[in-house]
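Novice: Fold the following.
(2 chains, ligands or ions: 2)
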Amino acid sequence: MNTEQYTIQTEPYYQSQGREVALYEAAYAARLPVMVKGPTGCGKSRFVEYMAWKLKRPLITVACNEDMTASDLVGRYLLDANGTRWLDGPLTTAARIGAICYLDEIVEARQDTTVVIHPLTDHRRVLPLDKKGELIAAHPDFQLVISYNPGYQSLMKELKQSTKQRFVGFDFDYPEAELETLILAKETGLDAAMAGRLVKIAGVARNLKGHGLDEGISTRLLVYAATLIKHGVAAQDACRMALVRPLTDDADIRETLDHAIDSTFA
Amino acid sequence: MTEIPLIVPIGTLPVTEYQHPLMQAYWVQLDTQFKPVEEVFEAVMEEALALLTRAGIKDYLDAARLIGKLGRGAEPMLAFLEAWPSAASTLGEAALPEIMAVIDKMQRSPNSKAITPFLQTLAPVARSVQTQAQMQHYLALTLDFMERTTGSIHGHHTTFPSPGLPDFLLQAPFLLSQLSLGGLKNWVEYGVRNYRSHPERQIDYFTVQSADSRAVLQRERHGTLFMDVERRLDLYLRGLWQDSDQLVPYSSAYDEIRKPIPYYDKLGLRVPDVFDDRAGVTGMDRYRVVLAHMIGHRRWTTTQVADNWSPFQRMAVEFFEDCRVETLLCREYPGLHRLLLALHPHPVEAACDPLTTSCLRHRLAMLSRALLDPQHGYHDADLLDFTARFHALMAEGEASTGAIATLALSYVARTRRQTDQLAKVHFDDTVIDYRDDNRQMWRFIEEDDEGEIADQHRKMDKSEELKGLPPRHYPEWDYQSQTYRPDWASVYEGLHPSGNAGDIDSLLQKHGALAKRLKKMLDLLKPQDKVRIRYQEEGSELDLDVALRSLIDFKGGAQPDTRINMSHRTDGRDIAVLLLVDLSESLNEKVAGSEQTILELSQEAVSLLAWAIEHLGDPFAIAGFHSNTRHEVRYQHIKGFSEHFDDTVKGRLAAMQAGYSTRMGAAIRHAAHYLGGKKADKKLLLVLTDGQPADVDVHDERLLIEDARQAVKEVDREGIFTYCINLDPKADEYVADIFGRQYSVIDNIQRLPERLPELFLALTK
Ligand SMILES: Nc1ncnc2c1ncn2[C@@H]1O[C@H](COP(=O)(O)OP(=O)(O)OP(=O)(O)O)[C@@H](O)[C@H]1O
Ligand SMILES: [Mg+2]
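Specialist: Numbers count the residues shown, from 1 in each chain, chains lettered A, B, ... in the order given. Ligands and ions are numbered 1, 2, ... in the order given. Take a look at the predicted model:
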């Protein structure tokens, strides 16, 4: 098995916000399954990537969607010239090679799919391949990480208690203004003063959460805006394009954010 | 407007027995025998108890009793009972005496007919003007109008009522949605001045019919109205300043001598009710600047004891402090600077002659300009010196009100002139109109804050949660003036009483053959709802197409797709349905050539439809409605969306009864309120009726037809598809006006039980 392809070669840039790195290391040392919660684009994926690099473990990421079946995770038989051949799914591969398996946006997957992770996430640490009649004991280095955005929560998209209660959790949120400014500057090379203004505008939108906005401007969108500015787009245009237009169609809120942009870049 | 018939109290009516002793006591206090009042009394009291204080309840009932004794029938009393609790929660209970005084004046003049429209529009007017002070302007305007147009027709003294007053009062909510109070004042002034002695033309003007009436309305409708931008201002406060507070508008049109200035206190931020664009700054941005300035004080200004300083000193401290907070504001949002400079006057240095005039204001306005504007261009040495000292102080950080006051005092000491005391003051270019009056900056040792405590008390009452189910008020469309009458119809909802469920079962049995036929159609409908999900690894059956393709791939040596199965999902049909059944008196009539009444046939039809929809599994609700004047539209739940077609529901269907009239628009709006809340791709509102909308308090036939048409348009915008099943042979005269093409007229009513479900199935196929 070529585990090389799953290994992260260069250090991803991750700006820690608190003690999450040390706590994650502790969870990993005990091989506890981890859940990272937080709004979209706040750095969850980046954190997991960074931890995989730091712990020197291969990382297998699966973006979940509602069409995903258990076989997409576990594996399936393929036909070939000599009959059939078994192909491991990403979860099985991770369990065999001792990788960190990251199921991104787990709530998107159907509930009958999510239950396949249950035997892997309790003391058994096994994965039954029903079709193959094989029971895999997970590699000692294997760890399961899931992410989800509590903002999406609806009756349809809610993790079952029996699933939730198998994980230790990390709560993420958008970083403090100073940190976020630093992240923008480091990630895109934008100067700190300009980055600070972007963060300020994001703050305006975040203040409006619940008053017509479901979610504020994400760090990811800020990175987009910063990147556009670095490519020579005028700051006001970049902000409108990356921060306001994707966010909402509510005319009053757009107008307020546009005004905030104009007031910030005099 | 059509005059509403008076319902004369019958002296022999027994005193109503209310279950609750307290309710009984309130009823006795009201001291009336008006039947229509009795019918809504408990409901209006529930609302009143939720919104008014204990003392307020007493005043409320006293006032209502008084109004009931004016000899104008039940209508004004009803209007008052319905309007006051909500009006009081906006204006404060203290506004009641002023309102009663207006009623008293109307009653003592020939204008007692205006009392009813005055009360009918009180609640929406209160919502527009928002404060007691603003309401006083409205009342004064009304009285002035009344006095100037009463009895002047033939020069007789107060003998004839004002022709335009009742119409004006009915139009007031609409007018106030278009104009500031100042604009309204000008509009009224024009009408009074020009048509004082032309009764017809006066009426044309005040019903907003005549061309000049509309033209003056257009002319007065300028600037940015507070009520149009209130939400945006709230977003501005929250988003940019993480602050939020009540915004309270005031009118600047009534105080000619002392124009009101923005200010804030415990009750909120006070801003003008309209702002015109000025100096290249939009009205909207002017509001933002005013709010930003006050936010600046709230953040950074600390209160100073005023008693030790002279008025001049205080004035200087205010100018310096205003500039300090504005400097800090611009640090937060540099873009604000451009707006401030555009709005801030730029006095000419030599404009004031210090030998003959007090120049203090002029000096301070120049200084203020200089503190904000590096390009001020002034040469005065003291000004330059203090500008430099100000910037040095601010360079250290935020400074403080105390530190800036010290600087201001030394400025006064340095620049004081004898002539500052002169009576002639130079005012030109010294008013900075976006700044508040700084009342929060000062504390006078012997301050009296009793008033504020009373005000706070009211605010707490206001936020108390509503108890019970008060009526919901809906607007009604007045096609003549093309405007809504706000809060016109009161809808009371309740559970339909219950009867014997077995009756419905036997009805269904009677239609056994029909049910069988329907079942076939239903079964045809059902499988089509299934969505095939292809490319499944595991599924309920083999997908032959894909399987063959895979096999060919395999034979050809390519990697075959293993997802050769398919499965089904049955949730393709996503329709929520609400059936609104007209339960008015006319349903009790027998169908021609039959022993059955329309009601009985409707009952059968509705039962079959309910059975059919239950079979399909669509979310489905049934409600009945009828009305007895606009004060009492009853909306009765027969089946809720969450209920199954079981014995409880059948019981209610069995008890279906008909009576009263058909105020359809209100019922449609209320039904849409429920249907709109459902999550479904398609929302269908079925209206089953046997005649045209009508009610006993409306004599203009078109009115309720036009209103229903308007209601259908409104709910259409909410994504609700309305469809009418009409049993009236003469329906062609009006049904298309209301429902467009979305209707069927059932000519042979006896076939209703089969036509209704068929129609539904055809509609949702
Ligand atoms: N702490 C951080 N350090 C470095 N970069 C960060 C950090 N937080 C956010 N970012 C930046 O924000 C971007 C979005 O973060 P990421 O993709 O991890 O979001 P996410 O929380 O996984 O979002 P989603 O829930 O939408 O998947 C990253 O690509 C990175 O540029
Ligand atoms: Mg992510």
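Novice: Distance from the top strand by length along chain B to the middle of the chain?
Specialist: Longest strand in chain B by number of residues (criterion: DSSP state E): strand B:483-495. From the chain centre to the centre of strand B:483-495 is a distance of 13 Å (CA atoms, centre = their mean, to the nearest Å).
Novice: List the buried residues of the next helix or strand after it.
Specialist: Next in sequence after strand B:483-495, counting helices and strands by DSSP states H and E, comes helix B:501-510. Judged by neighbour count using 16 or more other CB atoms under 10 Å in any protein chain shown, the buried positions of helix B:501-510 are B:501, B:503-504, B:507-508. C-beta coordinates here come from the backbone N, C-alpha and C atoms, glycine included.
Novice: For helix B:501-510, name the packing helices and strands.
Specialist: Packing contacts for helix B:501-510, counted by 3 or more CB pairs under 8 Å, 6 or more residues apart in numbering or on different chains; DSSP states H and E, involve helix B:598-616, helix B:647-654.
Novice: Alongside chain B, which residues does chain A contribute?
Specialist: Within reach of chain B by CB under 8 Å from any CB of the partner chain, chain A has these residues: A:69, A:71, A:76-81, A:204-205, A:207-208, A:211-212, A:252-253, A:255-257, A:259-260, A:262-266.
Novice: now, which of those lie within strands?
Specialist: Members of those lying in strands (criterion: DSSP E): A:76-80.
Novice: what about residue B:671, helix or strand, and which?
Specialist: Residue B:671 belongs to helix B:664-676, assigned by DSSP H and E.
Novice: Flag every buried residue along that helix.
Specialist: Within helix B:664-676, the residues scored as buried using 16+ other CB under 10 Å are B:664-675.
Novice: Output the ones in strands among the residues of chain A next to chain B as JSON lines; include the columns neighbour count and distance to residue B:197.
Specialist: JSON lines is the format used below for those (neighbours: other CB atoms under 10 Å in any protein chain shown; distance: CB to CB, whole Å):
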{"residue": "A:76", "neighbour count": "21", "distance to residue B:197": "93"}
{"residue": "A:77", "neighbour count": "15", "distance to residue B:197": "98"}
{"residue": "A:78", "neighbour count": "13", "distance to residue B:197": "97"}
{"residue": "A:79", "neighbour count": "16", "distance to residue B:197": "99"}
{"residue": "A:80", "neighbour count": "13", "distance to residue B:197": "103"}
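Novice: Between which two of those is the distance greatest?
Specialist: Farthest-apart pair in those is A:76 and A:80; separation 12.7 Å (CB to CB).
Novice: ok, the residue in chain A positioned nearest to ligand 1 - contacts?
Specialist: Nearest to ligand 1 in chain A, going by CB to the nearest ligand atom, is residue A:43, at a distance of 2.4 Å. Applying CB atoms under 8 Å, 6 or more residues apart in numbering or on different chains to residue A:43 gives the contacts A:14-15, A:17, A:172, A:175, A:183, A:219.
Novice: 6 Å - rerun?
Specialist: By CB atoms under 6 Å, 6 or more residues apart in numbering or on different chains, the contact list for residue A:43 is empty.
Novice: Quick one, which of the helices and strands packed on helix B:501-510 gets closest to chain A.
Specialist: helix B:598-616 (21.7 Å; CB to the nearest CB).
Novice: need the next SSE after the closest one, C-terminal direction.
Specialist: Proceeding N to C from helix B:598-616, the next assigned helix or strand is strand B:620-627, under DSSP H and E.
Novice: now that following strand against helix B:647-654, angle please.
Specialist: Between strand B:620-627 and helix B:647-654, the angle comes out at 30 degrees (axes from the mean of the first three to the mean of the last three CA atoms, to 10 degrees).
Novice: The very next helix or strand once past strand B:620-627 - what's its average pLDDT?
Specialist: Toward the C-terminal end, the helix or strand that comes next after strand B:620-627 (DSSP H and E) is strand B:633-639. Taken as a whole, strand B:633-639 carries a mean pLDDT of 91.
Novice: Ok, stretch B:328-338 next?
Specialist: Computed over stretch B:328-338, the average pLDDT equals 96.
Novice: Pull the residues that contact it.
Specialist: With CB under 6 Å, 6+ apart as the contact definition, stretch B:328-338 has outside contacts at A:262-264, A:266, B:292, B:296, B:300.
Novice: Any of those residues buried? List them.
Specialist: A:262-264, B:292, B:296, B:300.
Novice: Identify, from these, the entry nearest to residue A:98.
Specialist: residue A:264 (48.4 Å).
Novice: and the gap between the residue lying closest to the closest one once chain neighbours are set aside and residue B:379?
Specialist: Distance criterion CB to CB, 6 or more residues apart in numbering or on different chains; nearest residue to residue A:264, sequence neighbours excluded, is residue A:197 at 5.0 Å. Distance of residue A:197 to residue B:379, computed by CB to CB, to the nearest Å: 36 Å.
Novice: Present the buried residues of helix B:664-676 as JSON lines; the columns should include pLDDT and distance to ligand 1.
Specialist: Converted to JSON lines, those look like this (pLDDT from 0 to 100; distance: CB to the nearest ligand atom, whole Å):
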{"residue": "B:664", "pLDDT": "95", "distance to ligand 1": "48"}
{"residue": "B:665", "pLDDT": "95", "distance to ligand 1": "46"}
{"residue": "B:666", "pLDDT": "95", "distance to ligand 1": "46"}
{"residue": "B:667", "pLDDT": "95", "distance to ligand 1": "45"}
{"residue": "B:668", "pLDDT": "96", "distance to ligand 1": "42"}
{"residue": "B:669", "pLDDT": "95", "distance to ligand 1": "40"}
{"residue": "B:670", "pLDDT": "93", "distance to ligand 1": "41"}
{"residue": "B:671", "pLDDT": "94", "distance to ligand 1": "40"}
{"residue": "B:672", "pLDDT": "93", "distance to ligand 1": "36"}
{"residue": "B:673", "pLDDT": "89", "distance to ligand 1": "36"}
{"residue": "B:674", "pLDDT": "88", "distance to ligand 1": "36"}
{"residue": "B:675", "pLDDT": "90", "distance to ligand 1": "34"}
